[in-house]
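Visitor: sequence first, predicted coordinates after that:
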There are 2 protein chains.
Amino acid sequence: MKRITIEDVAQAADVSRQTVSRAINDKGEISQETKDRVMQAVRELGYRPNRLAQSMVTQRTYTVGLTIPDILNPFFPEVARGVQDVARDHDYNVFLCNTDDNPEVEIDVLRSLAAQRVDGIIALGSCIADETLTDFADTYRPIVITNRFTNHPHINPLIVDNIRGATLAAEHFVQQQHTAVGMLASDNVSFSFLRRVQGFRDALALHGLPYDDSIMEGGKPTISGGYGAMRRLLTRQPYITGIFAYNDLMALGALRACHDMGINVPEDISIIGFDDIHLTSIVTPSLTSIHVDKYAIGANAMTRLLAMLDQPDTIFPQQEMPVELVLRESTRTQF
Amino acid sequence: MKRITIEDVAQAADVSRQTVSRAINDKGEISQETKDRVMQAVRELGYRPNRLAQSMVTQRTYTVGLTIPDILNPFFPEVARGVQDVARDHDYNVFLCNTDDNPEVEIDVLRSLAAQRVDGIIALGSCIADETLTDFADTYRPIVITNRFTNHPHINPLIVDNIRGATLAAEHFVQQQHTAVGMLASDNVSFSFLRRVQGFRDALALHGLPYDDSIMEGGKPTISGGYGAMRRLLTRQPYITGIFAYNDLMALGALRACHDMGINVPEDISIIGFDDIHLTSIVTPSLTSIHVDKYAIGANAMTRLLAMLDQPDTIFPQQEMPVELVLRESTRTQF
DNA sequence: TTGTACGCGTTATCAA
DNA sequence: TTGATAACGCGTACAA
């Protein structure tokens, strides 16, 4: 049960600790013969270096922190998987933490990760105040953050083109000659949210459609939140024929609300979601959505983080992720 | 950018490092006055102890490893969330790793976690050989493992009542007077799988229904795997009126296969899944399933792991998780 | 009540 | 090519 240390290997191979270290990390000169002998002992004892001790001296832990609002939101596992795969390829381990969209929890988690001396942090959907963030970044090394602008030298933003996504949705409605459309808005006023609203409204305005507050209805960015918001909106605005939801979960709630209210989708109402999570193609009718490559978000974020670690003095440009409208059964297409 | 250490605090408060340590961990005698002065300095400098250094001496890292087959399978986020919440309550951080049901990846990941000196490991759906597992456990401390029996002193099993779940499914079919039913089997021969098959077949046999290999059809335990398996099974056995799927994902695939083949669910065929993931109540028709409290699995596993850490010499009994049949729209109920 | 000295397991530096 | 020694940052006996 006692852990075997480099010292044990050294004794077994009858060399010094230092020589063992050289053999394992194959750096520095060392004779092939002694190296073989050492590696032999390593195998026999099943020795693996203690990462903690390594980290103490190298100041590298080979760990990163990934903060997400909630692992139960199916959007985030897809991103996380991208992070994890790239991490594993580079022998990194990932701490996964939920923030529940709560700024206090988030900063708490971030500080905990810092105390753990993770080499870097990927913060998805961060909701802490700008100042809190930059203060934290001042004392910490590389951070990749999504959908937030900053020019802090330690922070690299990765931006999904939310405005374009929302514009695509609006333009689809225009093209399909809808004249009254609405949006299901999130109660959590995130940066993504603001830009999705902005893009949608601007595009509607451009094409002469109503875009005031009366076409918006808020709710939690979940299925049940979307369900409630949809019912309220349709009560207020019964003539609406197109719905753009803040995200797919709300769109799914809207779908179910229509089902329960005897409204046919897409015959009576067309629905467009956002994110294109895996679920969209499973439900009936399948959901038209703004596609985002979630795996790539994660993979790119982690790749960039590693680059920042390798080149601490380089300032990297922010990354942009494209979006795409994917038409499915929840939108009618006649024109 | 330089990290502040306990030494910096000591200088700022004009005491020894030792006194700072005492102040933070508030143990040992220390005058209130100096303690206040130290804590003041701690706050001003924003000092947080280096977990790595702490761990070196205390031999506790306040980290655990959680291995799962795939975070993209919606079953696992629900469990993970339970683990993470309990972990956070105890100031623990969680490494989340995918194994892809690959024994080589899994043992690799386990060893990596061990090198990282995690205090314990929770292995969900482990697929490594018994001997590999016990060999690993010999050199490692507490492990909580699901759906696998062992009496290794370091390993505590947490068992979902798979046999009972499968029995409930079979008995439902019997009670609803189905006379020909089938099962969608997983290609991954996991321990859970074996018991679900066994429970289902035994119950069918008991009630005089056919239960030979011809009623089984294999596929990957995913939506598309279930889709393909369902089509093959129905081609072979067109008179089947009840389907028990290895898990909800396969059941969802079966649902879609029926949809595409013009078969009505539940009028023509009843479908029962397993796990009762969140998705089951979202799809149309909603899916009857064997409910398992996934969050509780995670929370219990983590709670048990902490108990094992606190009482290293105690041998804990294995935990059992009950199951329950939840009827929804995918099964007809006439009797 | 406070400070000194040692050790945790490893890598880096320098001398042999 | 190898080995002794000093860090890394902290907790803990023990001494003052």
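Guide: Looks like it came in fine.
Visitor: use CA for all of it now, contacts and neighbours both
Guide: Fine.
Visitor: pretty sure residue A:125 sits against residue A:147.
Guide: Yes: contact criterion CA atoms under 8 Å: residue A:125 and residue A:147 qualify, at 7.0 Å.
Visitor: tell me the residues on chain A that lie near DNA strand C, please.
Guide: Selection of chain A residues close to DNA strand C by CA under 7 Å from any atom of the strand yields A:3-7, A:17-18, A:21, A:25, A:48-51, A:53-54, A:56-58.
Visitor: from these, which ones fall inside helices?
Guide: Those of those mapping onto helices are A:6-7, A:17-18, A:21, A:51, A:53-54, A:56-58, per DSSP state H.
Visitor: list the buried ones in stretch A:41-60?
Guide: For stretch A:41-60, the neighbour count (16 or more other CA atoms under 10 Å in any protein chain shown) marks A:41-42, A:47-53, A:55, A:60 as buried.
Visitor: what about that stretch, start to end distance?
Guide: 26 Å (CA to CA, to the nearest Å).
Visitor: off-centre distance for it?
Guide: Stretch A:41-60 has its C-alpha centroid displaced from the chain centroid by 32 Å (CA atoms, centre = their mean, to the nearest Å).
Visitor: residues of chain A that sit close to chain B?
Guide: A:1-3, A:48-53, A:55-56, A:71-72, A:74, A:77-78, A:81, A:84, A:93-98, A:115-117, A:138-141, A:282-284 (CA under 8 Å from any CA of the partner chain).
Visitor: list only buried entries from the residues you listed.
Guide: Judged by 16+ other CA under 10 Å, buried ones among these: A:48-53, A:55, A:71-72, A:74, A:77-78, A:81, A:84, A:93-98, A:116-117, A:140-141, A:282-284.
Visitor: just these: which are in strands?
Guide: Within these, residues falling in strands by DSSP state E are A:93-98.
Visitor: can you give me phi and psi for residue A:159?
Guide: Dihedral pair for residue A:159: phi -110, psi 130, per degrees, to the nearest 10.
Visitor: is it true that it touches residue A:321?
Guide: Yes: contact between residue A:159 and residue A:321 holds when scored by CA under 8 Å: they sit 6.0 Å apart.
Visitor: so residue A:211: helix, strand or coil?
Guide: Here residue A:211 is coil, with the state taken from DSSP: H, G, I helix; E, B strand; the rest coil.
Visitor: how about it, what does it touch?
Guide: A:201, A:204-205 (CA atoms under 8 Å, 6 or more residues apart in numbering or on different chains).
Visitor: please repeat the previous calculation with a cut-off of 10 Å.
Guide: Applying CA atoms under 10 Å, 6 or more residues apart in numbering or on different chains to residue A:211 gives the contacts A:180-183, A:197, A:200-205.
Visitor: with residue A:169 instead?
Guide: For residue A:169, the contact set (CA under 10 Å, 6+ apart) comprises A:175, A:196, A:199-200, A:203-204, A:242-245, A:271-274, A:288-290, A:324-326.
Visitor: which residue ranges of the stretch 151-300 of chain A form strands?
Guide: Assigned by DSSP state E, counting those that start in this stretch, the stretch 151-300 of chain A shows strands spanning A:155-160, A:181-186, A:216-219, A:242-245, A:270-275, A:288-291.
Visitor: can I get those in CSV with distance to residue A:32 and mean pLDDT?
Guide: Putting those into CSV (distance: least, CA to CA, whole Å; pLDDT from 0 to 100) gives the following:
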stretch, distance to residue A:32, mean pLDDT
strand A:155-160, 44, 98
strand A:181-186, 64, 97
strand A:216-219, 67, 96
strand A:242-245, 65, 98
strand A:270-275, 55, 98
strand A:288-291, 54, 98
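Visitor: perfect, I'm done here.
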